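>>> curious how this folds, go ahead:
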Amino acid sequence: MRLLGLDYGAARIGVALGDTESRIANPWQVIANTDEETVFATLSELLKREQAQGFVVGVPRLLSDTSIQTAQASEIRGFIMRMKERGWVVYEQDETWSTKTAANQQKERGQKGKRDDLAASVILQSYLDRF
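Next comes the predicted model:
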């Protein structure tokens, strides 16, 4: 099953592509989070073009108390709810440390710049590793 991983941010959404057979996630692209309709149109196009069956979206959790939801998590869950209203299959994945892990990977490779798509691949890879 092909999946798109998302690292949701207020300004940008990182996108990764992977599948449950190979269990490999790859950074794919970054979408500007300017308005939700444009984002949803882009995601719809990606679903079709990449023949993906669903999304894995990173949701932050507080390490000290997982029952407390942060404002960011609440915003992301609202986004997920609106994705599901479109009939899309959406899985949640804990994104704790995903940006830090992406930054470390970027540093190891000697790369600079935005790492939203790399963070999305960390989120998707964490999900795929459970298969």
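
>>> where does the protein dip in pLDDT?
Where the chain drops to pLDDT under 70, the residues are 62-69, 97-114.

>>> ranges for the helices of it?
36-50, 71-85, 98-108, 116-128 (DSSP state H).

>>> distance from the chain centre to the second one, please.
Spelled out, that is helix 71-85. In terms of CA atoms, centre = their mean, to the nearest Å, the centre of helix 71-85 is set 12 Å apart from its chain centre.

>>> output that helix as CSV, restricted to C-alpha atoms.
What follows is the C-alpha trace of helix 71-85 in CSV, where atoms were taken according to Å, rounded to 0.1, in the frame of the first residue of the first chain:
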residue,chain,number,x,y,z
ALA,A,71,-2.5,23.7,20.6
GLN,A,72,-0.5,22.4,17.7
ALA,A,73,-1.9,18.9,18.1
SER,A,74,-5.4,20.3,18.3
GLU,A,75,-4.8,22.2,15.0
ILE,A,76,-3.4,19.1,13.3
ARG,A,77,-6.3,17.0,14.5
GLY,A,78,-8.7,19.5,13.0
PHE,A,79,-6.8,19.2,9.8
ILE,A,80,-7.0,15.4,10.0
MET,A,81,-10.8,15.6,10.6
ARG,A,82,-11.3,17.7,7.5
MET,A,83,-9.1,15.3,5.5
LYS,A,84,-11.3,12.4,6.7
GLU,A,85,-14.4,14.4,5.7
